[in-house]
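Peer 1: Here is my input; please provide its structure:
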Amino acid sequence: MASTTTLDHLLNHHNDDDTFHVLSTTPPRNGFTFSLDHNGLKLLRPGKLIVAAFPDFYPVCYASSRSQAKQHDSSSSSPSSTSSIIVTIPSTDRDDSTSELTHPQFAGLEVDLILRFCAQQGLQPEIFAAPSFEGIWNYPTRFLADVCIGGITAAPSRDHVGLAWSEAYYTVTRTLIYHRRNPPKAGLPFPHAVDGIVRGVPGSTGFADAEARLCASGKRHLLQESTDDEGDIQALLRGDIQGVMRGSAIGRAIVRRYPTDLAMMEAWEILPELRPTPQGEVFCFPVRTESGLAGRLTEFVARERATGSFGRLLQKHGLA
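Peer 2: Sure thing, here's the model as predicted:
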């Protein structure tokens, strides 16, 4: 049976200076000791993988039951400031060869990957929703989580002592999703083609790219911060905004949901000065260096590719 608990029950300490959080039942950082799992991983809790998720990034990671998993007070930057976040612990006593493991509150490519990883490693996943994307990659070094998901790109500005990244598993380019009734100007690139409000996820590399381009064109006033995936899409369908900034693969997946209403601009690469890695924008999993998860997740993704499972997941979520 799946069990649930609020995040307030998991967190018992918060420093406003962003130094660390401590999960309940763990000792304070001074003298902090990890659990050495049977498979050699150093995790926050024995036999469990604690996962921080940004659940507003369809179809990479999103809330499958928004009334329970969604963080409604998005103005707070502290996960411990609300009791509306739900943590769900699903049963993992299923055949680890299946690609159909599901979670009652969260869904998406990275959720599927994490569930499969846990099944293969004999770990029980505990997933909770982070209230914002900004800074989620710091959760492992703040002892909030073992790993974070939600379309996170490795970048020099996100590197911290004690933080490690898995190898990249997906490459991203940028695009703008728009309503067919109010398309960008034909033949022009972004941002010259737009004259209406566009939304992007604050703290993301896509937002930084859009902001730099709009500032250079004297159009910074057109950029708004996203509310959440569904809020952005519904605003677009109503005609309240002209576009939604997303990665190109994400854009294609969203357009497939509304093929008669929505379309997307031709994809473009992030500005050279903003390229976070030599490969450009890539999705990785941030973890604590000492956990051993970076290498283990990299090996896992390599196996998933070799067996064809990763390709099937990409097709399942419209990302192929």
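
Peer 1: going forward, measure contacts between C-alpha atoms and count neighbours the same way
Peer 2: Will do.

Peer 1: give me every residue that touches Ile233.
Peer 2: Val244 (CA atoms under 8 Å, 6 or more residues apart in numbering).

Peer 1: ok, it to Gly150 distance?
Peer 2: In this view, Ile233 and Gly150 are 18 Å apart by CA to CA, to the nearest Å.

Peer 1: swap in Thr173?
Peer 2: Applying CA to CA, the value for Thr173 to Gly150 is 16 Å.

Peer 1: neighbour-wise, which of the two wins?
Peer 2: Gly150 (28 against 18; other CA atoms under 10 Å).

Peer 1: Let me see the contact set for the nearest residue to the more buried one once chain neighbours are set aside.
Peer 2: Distances taken as CA to CA, 6 or more residues apart in numbering put Phe54 closest to Gly150, at 4.7 Å, once the chain neighbours are dropped. Counting by CA under 8 Å, 6+ apart, Phe54 makes contact with Cys61, Tyr62, Ala129, Ala130, Pro131, Ser132, Phe133, Ile136, Ile149, Gly150.

Peer 1: how about 6 Å then?
Peer 2: Ala129, Ala130, Phe133, Gly150 (CA atoms under 6 Å, 6 or more residues apart in numbering).

Peer 1: Walk me through the domains of this structure.
Peer 2: Domain assignment for the chain, taken from automatic domain parsing, gives 3-169+284-316, 173-274.

Peer 1: okay, these in JSON lines with mean pLDDT next?
Peer 2: Formatted as JSON lines, these follow (pLDDT from 0 to 100):
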{"stretch": "domain 3-169+284-316", "mean pLDDT": "74"}
{"stretch": "domain 173-274", "mean pLDDT": "95"}
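
Peer 1: A strand includes Gly151, no?
Peer 2: No: under the criterion used here (DSSP: H, G, I helix; E, B strand; the rest coil), Gly151 is coil, not part of a strand.

Peer 1: Count residues in the vicinity of it, would you?
Peer 2: By other CA under 10 Å, 27 other residues sit near Gly151.

Peer 1: Equivalent analysis for Phe285, please.
Peer 2: Residues near Phe285, counting by other CA under 10 Å: 24.

Peer 1: about what we covered before: need the phi and psi values for the residue nearest to Gly150.
Peer 2: phi -100, psi 100 (degrees, to the nearest 10).

Peer 1: What separation do you get for it and Val147?
Peer 2: On the measure of CA to CA, Phe54 and Val147 end up 12 Å apart.

Peer 1: who's in contact with the residue nearest the centre of the chain?
Peer 2: For the chain, Gly150 is the residue whose C-alpha lies nearest the centre (CA atoms, centre = their mean; 0.8 Å). Residues near Gly150 by CA under 6 Å, 6+ apart: Ala53, Phe54, Cys61.

Peer 1: list the buried ones in stretch 126-136?
Peer 2: Glu126, Ile127, Phe128, Ala129, Ala130, Pro131, Ser132, Phe133, Ile136 (16 or more other CA atoms under 10 Å).

Peer 1: That should have said stretch 170-183, apologies.
Peer 2: Val172, Thr173, Arg174, Thr175, Leu176, Ile177, Tyr178, His179, Pro183.

Peer 1: For the residues you listed, give me a markdown table that also has distance to Ala263.
Peer 2: Output for these, formatted as a markdown table (distance: CA to CA, whole Å):
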| residue | distance to Ala263 |
| --- | --- |
| Val172 | 18 |
| Thr173 | 16 |
| Arg174 | 14 |
| Thr175 | 10 |
| Leu176 | 9 |
| Ile177 | 6 |
| Tyr178 | 6 |
| His179 | 6 |
| Pro183 | 8 |
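
Peer 1: Narrow the residues you listed to those in strands?
Peer 2: Val172, Arg174, Thr175, Leu176, Ile177, Tyr178, His179 (DSSP state E).
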